[in-house]
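got a predicted model here, sequence first, then my questions.
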Amino acid sequence: MKRALVSAVVLAAALVLQLTVVNRLPLPGAGAPDLVLLAVAALGLCSRPATGAVTGFCAGLCLDLAPPGSYLIGEYALVFCLVGYFCGRLSSAPNRSALLTILAAMGAAVAGEALFALLGLAVSDPQVTWATVRDVLPSAVIYDVVLTPFVLYLIMRVVRFADALGQAPAAAGAADGSALLARTQAAGGGLPRGALAGATVLGGAGLLGGAGWLAGPVGSRGSRARGSGSGARPRGPRTPRLREAAARPGDGWVGGAPRTGLPAAPRLHPGRPGRPPRLRPGAGGSAIARPARTPPRSTPNLRMGAASRRGGNIGRSLGTGGAGAVPRGPRGSGPPGSAFRSRRPGAPGSGARGRPAGPVHSPKFRPDTRLPGGSARAGVPRGGPVPRALPSRRLRLGGRRRHDGVLGGSVLARRGRGRPARAVSMRFGPGRRGDGAVGGLPGGRRLWARPRLGAQRRAAPRFRSGAAAGGRSVLGRRTRLGAGKQARFNPGRSSLLAAWTGGRLGGRSTVWRIGSRRTGGFR
Amino acid sequence: MHDTRRTRVVLAVLLIAALALITFDYRDGSSGPLHSLQQVGGSVFGGAERVASVVTGPVVGLVRGSGSASTTGQAAALQRQIIRLRAELSQEQLSRAQYAQLTRLLQLSGRGGYRIVAATVIAVGQGYAQTVTLDAGSLDGVKPEETVLDGQGLVGTVTSVNTQTCTVLLATDATSVVGVTLAGSGQIGWVTGPGKTRSGSGMLRLQVLDASAVLSPGQQLVTSASVRDRPYVPGVPVGVISKVENRAGSLTALALVRPYVDFTSLGVVGIVVAPPSHNPRFSVLPPPPPRAKPVPTVTVTVTPGASPGPSSSPTPGR
């Protein structure tokens, strides 16, 4: 609701500015930048496809109806609806970095302009002819591309601010990241002072991401709190730049959920040989792996993008060598790494710190050496020998794929693959569906096992939120996991369209629901 | 990818809705339920634009004042100045007409006799259209298909009217067709807009019905009379022919017309709400440029052998 209000305000401002200022400016060239298009693209990149489509449609309709509109009603609505939808699609793309986001917005702007010209030609609008398109389109595209980063930054700032606005009064005892860390500290004998930066960041993760892993379980239903430290420390003035998405129920922890009075992470269905769950950075001790060993070393890297579903996350960096050798910068003096901030090495809060080598500008995954927990250095292989399916689940640092495996520890690095102890990254962003817990996960080993047959068409166990599941998390979704209900599995039919498109269209993938009325079946 | 089935359903519904809107608007034109929707949207966004233009107007004026001076070349500036000087008379008359509107002494003053509601451009159309929004609406007595003119000449015609705003189709729009009369010869033709071009204020295209009409650069155009003076009142200066395109075999004579009005810097315009009771013809045109007067030559023909007084009166003796 709040997001809708923000979107409406942003779009109205963009529309009025566009019509009263931008179009009147004597810009060289025939075209002019389209602020509304850029706003739709930016808002779409902050939301989901359906929301983006609705946003774009409404914005386009308003632009059609606003007074000097001289096209057919619905042209802009059509174009902007598509733009918003595909921006929403891109927003959930895996491994999204700031640069990719900007490029996506630029591409959306270019595509929107071209699509509108094409639509005008298609409906034989007398104003849109080849001659005018030749004159107008290039300059308009250039203006749009030039303006895209600024508009994107501005709108994302506004959206973030608005998201954080209503949640400022944190409920006492709120189950958020900072509280968690504080409690973990209290339980684990206290972490050094250096961990507080992590507390901030974790709190921030809760702030923006909705602390979904905590929002899931039952005890935290009323907690719409964000990461102001209810026990750890007052929240810093800067908020981490994270993706504004709610965590999903079912988010789990790497290294096991903390035991100190916190509700356990939702459990995956043990018998389901689905895709491995996603892991979240854990602060507590692991159920299986060892408890925390070292204080955090550096501020983590945050990234604006969200990981994809089933994206793997690593509990902590592998090996101590790389993590220990990381030069340490001033701590806590700045916000965590921002997607839009220049990443100078050594800058406060710069995201480039945790990575020993590599391009400093790439906003990719970087190891987080700060958080305790996780079993990255666990000498004991957990869960027995590594299955042979593991080589297909590579540990990637940069461009991850969708079905990357989960590394809970050094199992892969030491035994299975023999890879060098490369630093792997953790994710602070909100989790998605299917995130699971590793370490404390019962039957966790089975999660590693890749199903051999028919695996491509089967979805991971998904914990549905929303009305069906009756759950909502902090940002609008709380989860109530139904006790004792079993997820069932129903292999869906695959339509012809799904067969043609490889499942991208028309697929009726199977859905797992826990606590849902509709167990099994289609989504 | 959160591309669930519900998402796809939402997208499909929205796309179908947009296509349906396009179709209905294409069929109905300015009637039907879409028209009322447009009225509502127009009043809402028009009010917002009115409010916003209070703030943004000075900003735009500031930017435009510095921007136009720096971007346009000297030649173009001089050319505009020439045109402005040419239209000086018309400007004076029209401003006098505006003043007269304010003092309710309209019909008697001004040779054109236009009754004008002064309005300000508050918004400019988006994309490929050449439309503007004025801050005068039906509350001010504006009705569709009324002529909008500037201090320099013809601006366009009102296409749609809301309560407080109205939309003007500029004469340079690709869909605009203005019937004109050549000032010198009285030839009848029409002028079409170039659409949105790179140069901003493009040249209008003149076509004269008489294929054998002799067009020459410098000829001035005024609007010709329309039925019930809609959409254009007669006698408004349109532009001056700047280039003649002679095409062999074409049915009409073609020329490019430079408009008097600078469409990129529209500010205060006037909407003719009461056309003149009589056609002012060419009386509001700017004065034609002074031509070089031909030097009179005297030719004396002397025929040898003839009597010096051939034109003398016949002798009374014959």
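It's in. Numbers count the residues shown, from 1 in each chain, chains lettered A, B, ... in the order given.

how many neighbours does A:Ala131 have?
13 (other C-beta atoms under 10 Å in any protein chain shown). C-beta: built from backbone N, CA, C; applies to glycine.

wait, it sits on B:Lys196?
No: between A:Ala131 and B:Lys196 there is no contact under C-beta atoms under 8 Å: 9.4 Å.

and stretch B:233-251, what's buried?
By 16 or more other C-beta atoms under 10 Å in any protein chain shown, the buried positions in stretch B:233-251 come out as B:233-242.

next one: stretch A:106-115
For stretch A:106-115, the neighbour count (16+ other C-beta under 10 Å) marks A:106-113, A:115 as buried.

ok, now stretch A:113-122?
Counting neighbours by 16+ other C-beta under 10 Å, stretch A:113-122 gives A:113, A:115-117, A:119-120 as buried.

same for chain B: which of the residues you listed are within range?
When contact is defined as C-beta under 8 Å from any C-beta of the partner chain, those meet chain B at A:116-117, A:120.

what about those residues, which are in strands?
Using DSSP state E, no member of these sits in strands.

closest to B:Leu182 out of those residues?
Of all these, A:Gly120 has the smallest distance to B:Leu182: 34.0 Å, by C-beta to C-beta.

pretty sure the closest one is touching A:Glu75, no?
Yes: contact status for A:Gly120 versus A:Glu75: in contact at 7.0 Å, counting by C-beta under 8 Å.

just give the nearest non-adjacent residue to B:Pro217, would you?
The spatial neighbour of B:Pro217 that comes closest, neighbours along the chain excluded (C-beta to C-beta, 6 or more residues apart in numbering or on different chains), is B:Ile241 at 5.3 Å.

for the one you found, grab phi and psi.
With angles defined as degrees, to the nearest 10, B:Ile241 sits at phi -70, psi 130.

that one and B:Thr252: what is the separation?
Here B:Ile241 is placed at a distance of 14 Å from B:Thr252 (C-beta to C-beta, to the nearest Å).

now for A:Gly60: which residues touch it?
Applying C-beta atoms under 8 Å, 6 or more residues apart in numbering or on different chains to A:Gly60 gives the contacts A:36, A:40, A:74-81, B:18.

can you tell me the helix or strand for it?
helix A:49-65 (DSSP states H and E).

quick one: contacts for B:Thr223?
By C-beta under 8 Å, 6+ apart, the contact list for B:Thr223 reads B:147, B:154, B:178-181, B:232-236, B:238.

next secondary structure after the helix or strand bottoming out on mean pLDDT in chain B?
Taking mean pLDDT, DSSP states H and E as the measure, the helix or strand of chain B with the lowest value is helix B:88-103, at a mean of 50. Along the chain past helix B:88-103, the next helix or strand (assigned with DSSP H and E) turns out to be strand B:115-124.

anything in that next one near chain A?
Yes: with C-beta under 8 Å from any C-beta as the criterion, chain A is reached by strand B:115-124 at B:121-124.

for those, pick the one with the most neighbours.
Neighbour counts for those, by other C-beta under 10 Å, peak at B:Ala123, which reaches 32 neighbours.

quick one: pLDDT of that residue?
We have a pLDDT of 89 for B:Ala123.

equivalent analysis for A:Pro372, please.
We have a pLDDT of 45 for A:Pro372.

before we move on, what about A:Phe428?
A:Phe428 is assigned a predicted lDDT (pLDDT) of 45.

one step back: save the buried residues of stretch B:233-251 as JSON lines, and put in secondary structure and pLDDT too.
Below are those laid out as JSON lines (DSSP: H, G, I helix; E, B strand; the rest coil; pLDDT from 0 to 100):
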{"residue": "B:Val233", "secondary structure": "coil", "pLDDT": "82"}
{"residue": "B:Pro234", "secondary structure": "coil", "pLDDT": "79"}
{"residue": "B:Gly235", "secondary structure": "coil", "pLDDT": "79"}
{"residue": "B:Val236", "secondary structure": "coil", "pLDDT": "81"}
{"residue": "B:Pro237", "secondary structure": "strand", "pLDDT": "84"}
{"residue": "B:Val238", "secondary structure": "strand", "pLDDT": "89"}
{"residue": "B:Gly239", "secondary structure": "strand", "pLDDT": "89"}
{"residue": "B:Val240", "secondary structure": "strand", "pLDDT": "89"}
{"residue": "B:Ile241", "secondary structure": "strand", "pLDDT": "90"}
{"residue": "B:Ser242", "secondary structure": "strand", "pLDDT": "88"}
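
and the residue nearest to B:Gly179 when sequence neighbours are not counted, what's its pLDDT?
Ranked by C-beta to C-beta, 6+ apart and with sequence neighbours excluded, the top spatial neighbour of B:Gly179 is B:Ser224, at 4.5 Å. You'll see B:Ser224 listed with a pLDDT of 84.

what count of nearby residues applies to B:Thr4?
Applying other C-beta under 10 Å, we find 15 residues neighbouring B:Thr4.

repeat for the one 3 residues further on
Other residues near B:Thr7 number 20, with proximity taken as other C-beta under 10 Å.

relative to B:Gly202, which of the contacts of A:Gly60 is nearest.
Nearest to B:Gly202 among the contacts of A:Gly60: A:Glu75, at 23.4 Å, using C-beta to C-beta.

for the closest residue to that closest one other than its chain neighbours, list the residues it contacts.
Leaving aside its sequence neighbours, A:Glu75 sits nearest to A:Leu119 (C-beta to C-beta, 6+ apart; 5.6 Å). Listed by C-beta under 8 Å, 6+ apart, the contact set of A:Leu119 reads A:75, A:78-79.

looking at those residues, spot the one nearest chain B.
Each of the contacts of A:Leu119 was scored against chain B by C-beta to the nearest C-beta, and A:Leu78 proved nearest at 3.6 Å.

helix/strand/coil for the closest one?
Of the three states, A:Leu78 takes helix under DSSP: H, G, I helix; E, B strand; the rest coil.

right, and it touches B:Ala20 too?
No: taking contacts as C-beta under 8 Å, A:Leu78 lies outside contact range of B:Ala20: 10.2 Å.

these two: which is more packed in?
More neighbours surround A:Leu78 than the other of A:Leu78 and B:Ala20, with 26 against 11 (other C-beta under 10 Å).

which SS state does the closest residue to that one other than its chain neighbours fall under?
Ranked by C-beta to C-beta, 6+ apart and with sequence neighbours excluded, the top spatial neighbour of A:Leu78 is B:Ala18, at 3.6 Å. Classification of B:Ala18 using three-state DSSP returns helix.

tell me the helices and strands packed up against the strand or helix carrying A:Val133.
A:Val133 is part of helix A:130-165 when elements are defined by DSSP H and E. Here helix A:130-165 touches helix A:2-20, helix A:35-45, helix A:98-122, helix A:195-209, going by 3 or more C-beta pairs under 8 Å, 6 or more residues apart in numbering or on different chains; DSSP states H and E.
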